[in-house]
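Q: Need coordinates for the following:
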Amino acid sequence: MPELPEVESVRKGLESHVLDARIEGVQIFRDSAVRRVPGGTAQFAAEVVGSRIDSVARRGKFLWMVLDGGEGALSAHLGMSGQFRVHADVPDPHPHCRARLTLSLPDAPLTLDFIDQRTFGYLDVEAMVETPDGLPGGHGSELAAVPASVAHIGRDALDPALRRDKVLAQWRRGVRGIKQVLLDQTLVSGIGNIYADEALWRARVNPVTPASGMSGRATGALLDATQEVMGEALAAGGTSFDALYVNVNGESGYFDRSLNAYGRGGEPCLRCGRPLARAMISGRSTHWCPRCQRPRPR
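A: The predicted structure is shown next:
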C-alpha cells in the first residue's frame, strides 16, 4: 500500500498539473470508485463539476484536492493500487480506469484518470473541518482544515507542525509492540509496513519491544530514523515493487533499491552480515536483524 513518500510523489505530480483547473466533467466507469458518496455517481458529479481545484494536499497517506477556497474537498484513497494519470489528450480509458475527470485550464484542457487495478481505492467529496491547532491541515495547503475523514489522523512524520515532545510521549505508552505503535495512524501518520521495518532497523530497535519499555533516548532515535527514511524515500520518488505504484506520469519510484530490512528475510544484514529474520507480527510481515535489533532492557 502506498505510504507517505509514494502519496507525496503523487501529490507533487498532481500539483504541477491541476492547480486552478476547473472540473468540467466526470465519468465513472465503476460505481465502487465513489462508494462513499451516499448518492453515488450522480451526487459525486453534481458536487464536483464546476469546482475549481485550489490546491492539492496530503497528510500522511491521505490525499485531497481543496475545492473553491475550502468549500469542499475531493479526497482520494489510493488503497493498494490506486494511481492518477494525467493526459494532455483524451485517450481510450485504461482497462482499470475507474473514474475520469475532464479539466479546463487557461492554456489547454486536461484529462485526469483514476486507475485502480485492485479496486480498494476510491474517490470522495466531503466537507472540510478546522484543525484543532489552527495550523495548516496538510502539506500543499495553507488552509487550516482537513477533509472530515482525515480529522482523526495524526500529523505525519515530515509535517513541520508535528510536536516532537507529544509524539515521543505517545509512542512510549501502553503494552503494544513498538511496530504496532508506528503503524497507528492516529499518532503519527504516513508510516506503513515498509518504512516501519526500515526505521526500526536503522534505529536498532526490535519490532516487538513494548512501547512502555522504550527509553526516551531510544524513542527519539526512532523518530529521527523514521524521518530520515521517509525523506530519503521521498527524494527517490517512493518505493515500487511492480507497476502498481507510479506517479502521474507513469514513472515508478526506486527506493526499493535502498531497502535494508523490508522484504529481505533470510538475506544478510547489511550492517552485521547475520541473516535477517522474517515473521508475521500482528498480521504484518515483519523483517529485522536478530543481532542488531536485540530486545534490550529499559
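Q: residues touching Val119, list them.
A: No Val there; residue 119 is Thr. Residues in contact with Thr119, defined by CB atoms under 8 Å, 6 or more residues apart in numbering, are 30, 32-33, 79, 98. Using the backbone N, CA and C atoms, a C-beta is placed for each residue, glycine as well.
Q: Could you list the low-confidence segments of this protein?
A: Along the chain, the parts satisfying pLDDT under 70 run over 1, 237-257, 297-298.
Q: And the top helix by length along it, what does it pack against?
A: In the chain, assigned by DSSP state H, the helix with the most residues is helix 216-235. If you count contacts as 3 or more CB pairs under 8 Å, 6 or more residues apart in numbering; DSSP states H and E, helix 216-235 packs onto helix 4-18, helix 164-171, helix 178-182, helix 193-203.
Q: what's the angle from it to helix 193-203?
A: 130 degrees (axes from the mean of the first three to the mean of the last three CA atoms, to 10 degrees).
Q: ok, the next helix or strand after helix 216-235: who's next to it in the sheet?
A: Using DSSP states H and E, the helix or strand that directly follows helix 216-235 along the chain is strand 277-281. Counting by DSSP bridges, the strands paired with strand 277-281 are strand 284-288 (antiparallel).
Q: neighbouring contacts of the partner strand?
A: With CB under 8 Å, 6+ apart as the criterion, strand 284-288 contacts 179, 183, 193, 197, 200-201, 206-207, 261-265, 276-280.
Q: what do you get for stretch 147-162?
A: Stretch 147-162 is contacted from outside by 4, 58-60, 62, 64, 73, 75, 124, 126-129, 133, 135-139, 146, 163, 185-191, 223, 226-227, 230-231, 234, using CB under 8 Å, 6+ apart.
Q: Can you get me the start-to-end distance on that stretch?
A: 19 Å (CA to CA, to the nearest Å).
Q: Can you mark which positions in that stretch are buried?
A: Within stretch 147-162, the residues scored as buried using 16 or more other CB atoms under 10 Å are 147, 149-150, 153-159, 162.
Q: Pick the one among these closest to Val86.
A: Nearest to Val86 among those, counting by CB to CB, is Pro147 at 21.8 Å.
Q: can you pull the contacts of the closest residue to that closest one other than its chain neighbours?
A: Closest residue to Pro147 in three dimensions, ignoring its sequence neighbours and counting by CB to CB, 6 or more residues apart in numbering: Ala73, at 4.2 Å. For Ala73, the contact set (CB under 8 Å, 6+ apart) comprises 64-67, 125-128, 146-147.
Q: re the thing from before, what's the most distant pair in the contacts of Thr119?
A: Maximum distance among these (CB to CB): 12.7 Å, for Arg30 and Gly79.
Q: Now distance to Asp116 too, for the contacts of Ala73, in TSV please.
A: Shown next, in TSV, are these (distance: CB to CB, whole Å):
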residue	distance to Asp116
Trp64	17
Met65	17
Val66	22
Leu67	21
Val125	17
Glu126	19
Ala127	24
Met128	24
Val146	23
Pro147	19
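Q: Filter these down to the buried ones.
A: 64-67, 125-126, 128, 146-147.
Q: Next step: the residues you listed restricted to strands.
A: Among the buried ones among the contacts of Ala73, DSSP state E puts 64-67, 125-126, 128, 146-147 in strands.
Q: Make sure Leu259 is actually in contact with Glu198.
A: Yes. If you go by CB atoms under 8 Å, Leu259 and Glu198 touch, sitting 6.4 Å apart.
Q: Looking at those two, which is more packed in?
A: Per other CB atoms under 10 Å, whichever of Leu259 and Glu198 has more neighbours is Glu198, with 26 against 20.
Q: Can you get me a residue count around the closest residue to the more buried one other than its chain neighbours?
A: Leaving aside its sequence neighbours, Glu198 sits nearest to Val229 (CB to CB, 6+ apart; 4.6 Å). Val229: 28 surrounding residues under other CB under 10 Å.
Q: Distance check, Leu187 against Glu71.
A: According to CB to CB, to the nearest Å, Leu187 and Glu71 sit 30 Å apart.
Q: who's more crowded, those two?
A: Taking other CB under 10 Å, Leu187 and Glu71 do not tie; Leu187 has more neighbours (17 against 13).
Q: what helix or strand is that one on?
A: Per DSSP H and E, there is no helix or strand for Leu187.
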